[in-house]
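Engineer: I'll drop the sequence and a predicted model, then ask my questions.
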There are 2 protein chains.
Amino acid sequence: MYAQQIAHIDVPVKQSPFALLDEGWAQPVSFFPAGTEIYAQGEKAGPLYHVEFGAVRVYRLLADGRRQISAFHLAGETFGFEADATHHFFAEAINATGVRVLRIAGAADMSRQLLPLALKGLIRAQEHLLVLGRQNAIERVAAFLVDMAERQGGLRQVELPMSRMDIGDYLGLTIETVSRVFTRLKDKGVIRLLGLRSLEILKQDVLLDMGE
Amino acid sequence: MYAQQIAHIDVPVKQSPFALLDEGWAQPVSFFPAGTEIYAQGEKAGPLYHVEFGAVRVYRLLADGRRQISAFHLAGETFGFEADATHHFFAEAINATGVRVLRIAGAADMSRQLLPLALKGLIRAQEHLLVLGRQNAIERVAAFLVDMAERQGGLRQVELPMSRMDIGDYLGLTIETVSRVFTRLKDKGVIRLLGLRSLEILKQDVLLDMGE
DNA sequence: CGCTTGCTTGAGATTTGTCAATCGAAGTGG
DNA sequence: CCACTTCGATTGACAAATCTCAAGCAAGCG
């Protein structure tokens, strides 16, 4: 069900655009085709990953195949914290994705730079707990759309790089429920569907206080 | 509904039992009666907190009062990471609780010590996302009981310092559902209720693969 | 042009929530 | 010491939300 190729292509690049780690930590950009694995649960951890373009999903599986996506990472974002010695999660490219691998494992005082990023991740995860634990389907989708819009610069038009199944596995819903909520928001005039993976927010205020 | 006193008593103590921060960071233990606030959302963040005895809940509220507890912290555990500049969460003593306040805010290279703790918190939060997003009521309660048992040394007898409402708000369930699941586990012979806040695990294996 | 794959829609089943009554332990005052 | 009150927990009956299963639709691709 979650089959994947393990192909990726390394592309040498001169300098990292990742400001915090720019002093000699520049690394080549690796290219991952859609659906390929970036790291797997149980693998030895070490580097962080900076998304140059594309999108990444980080998830965990139950024994019977149920999946929870804990986070999406878009261009410009850094991930790979979900690890102590070994990874506790899987990371996959959703679409064709370029990732800069930051091999900073041994770096002595990088932790001062890393801590704020880790804390931001912690806060995001705990806010997502509120969504999954206490909000209903329409509130979850609203919160998701607001978040995606913000991360794309707050524009009215929002691109969704992921499938309905990915959205469902992120929000703890089935694809059918996600689909019905999209329809409901469309019928209410809150959003306009421009395509399967593109939509326009027509009533941002309504969306905002749905997602609280 | 979540009313609370803001009384606490400072108790001077010689030295911190918190190994990582033992070199001059010893702080007095503050005492918080049951239900009192340790910090509030929006407050300026800074110190970390080490639970000496008792138990703490960290939570967030929606505008209409719905509450999600993101974590419980028992004796020996450290919390207070859920912050960048200001706290995004509330923390309250569940019972009479002693907390050592670790004022390490300015400490230059403390981040090297803190990062592993923050990452552990991040992993815990993301594992909890799987529970809230993809597990049903009985699986959630099973996972909770297994976790509580582990944190109390893996003994068969487990003490629950919190109310059913706290458990519900942690697991994303109502108190009625929590209560029904406890009854169901009791009827199946998986647990034995010794009191409202104390139980014995009779079939650990069953509980373990319920919680996956 | 016809597949394939992902999405949408509908009908019915299941789980969980809501509302209400009762229980029971702990604490209070007579 | 006992009756009374209170508050949290349990239980039941019913309602609502979400899931499951199945059918149909549509965009993208060979």
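Structural biologist: That came in fine, so what should we check first? Given the structure is predicted, the values throughout are model-derived calculations rather than measurements.
Engineer: State the distance from the residue most central in space within chain A to chain B.
Structural biologist: The residue lying closest to the centre of chain A (CA atoms, centre = their mean) is residue A:72, at 0.9 Å. Distance of residue A:72 to chain B, given as CB to the nearest CB, to the nearest Å: 13 Å. Backbone N, C-alpha and C define where each C-beta goes, glycine included.
Engineer: Alpha carbons of whatever helix or strand that residue lives in, as PDB, please.
Structural biologist: Using DSSP states H and E, residue A:72 sits in strand A:67-74. Output of strand A:67-74 as PDB, limited to C-alpha atoms (Å, rounded to 0.1, in the frame of the first residue of the first chain):
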ATOM      1  CA  ARG A  67      -1.000   5.600   9.300                       C
ATOM      2  CA  GLN A  68      -0.600   8.900  11.000                       C
ATOM      3  CA  ILE A  69       1.200  11.700   9.300                       C
ATOM      4  CA  SER A  70       2.700  13.800  12.000                       C
ATOM      5  CA  ALA A  71       3.800  16.600   9.700                       C
ATOM      6  CA  PHE A  72       4.100  17.900   6.200                       C
ATOM      7  CA  HIS A  73       7.300  19.900   5.200                       C
ATOM      8  CA  LEU A  74       7.200  22.300   2.300                       C
END
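Engineer: packing partners for it?
Structural biologist: strand A:48-53, strand A:55-61, helix A:111-134, helix A:164-171, helix B:111-134 (3 or more CB pairs under 8 Å, 6 or more residues apart in numbering or on different chains; DSSP states H and E).
Engineer: Turn these into a markdown table, including distance to residue B:199.
Structural biologist: Shown next, in a markdown table, are those (distance: least, CB to CB, whole Å):
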| stretch | distance to residue B:199 |
| --- | --- |
| strand A:48-53 | 42 |
| strand A:55-61 | 28 |
| helix A:111-134 | 23 |
| helix A:164-171 | 33 |
| helix B:111-134 | 19 |
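Engineer: Out of the ones you listed, which gets nearest to DNA strand D?
Structural biologist: For DNA strand D, the closest of the helices and strands packed on strand A:67-74 is helix A:164-171, at 7.5 Å, according to CB to the nearest atom of the strand.
Engineer: For the helix or strand just after that closest one, enumerate the helices and strands it packs against.
Structural biologist: Next helix or strand after helix A:164-171 toward the C-terminus (DSSP H and E): helix A:175-187. Applying 3+ CB pairs under 8 Å, 6+ apart, we find helix A:175-187 packed against helix A:137-151, helix A:164-171, strand A:191-195.
Engineer: Could you check the first one and say which residues are buried?
Structural biologist: With burial defined by 16 or more other CB atoms under 10 Å in any protein chain shown, the residues of helix A:137-151 counted as buried are A:137-149.
Engineer: which residues touch the nearest residue to residue A:61 once chain neighbours are set aside?
Structural biologist: Nearest residue to residue A:61 in three dimensions, chain neighbours excluded: residue A:67, at 5.4 Å (CB to CB, 6 or more residues apart in numbering or on different chains). Residues in contact with residue A:67 (CB atoms under 8 Å, 6 or more residues apart in numbering or on different chains) are A:2, A:59, A:60, A:61, A:169, B:134.
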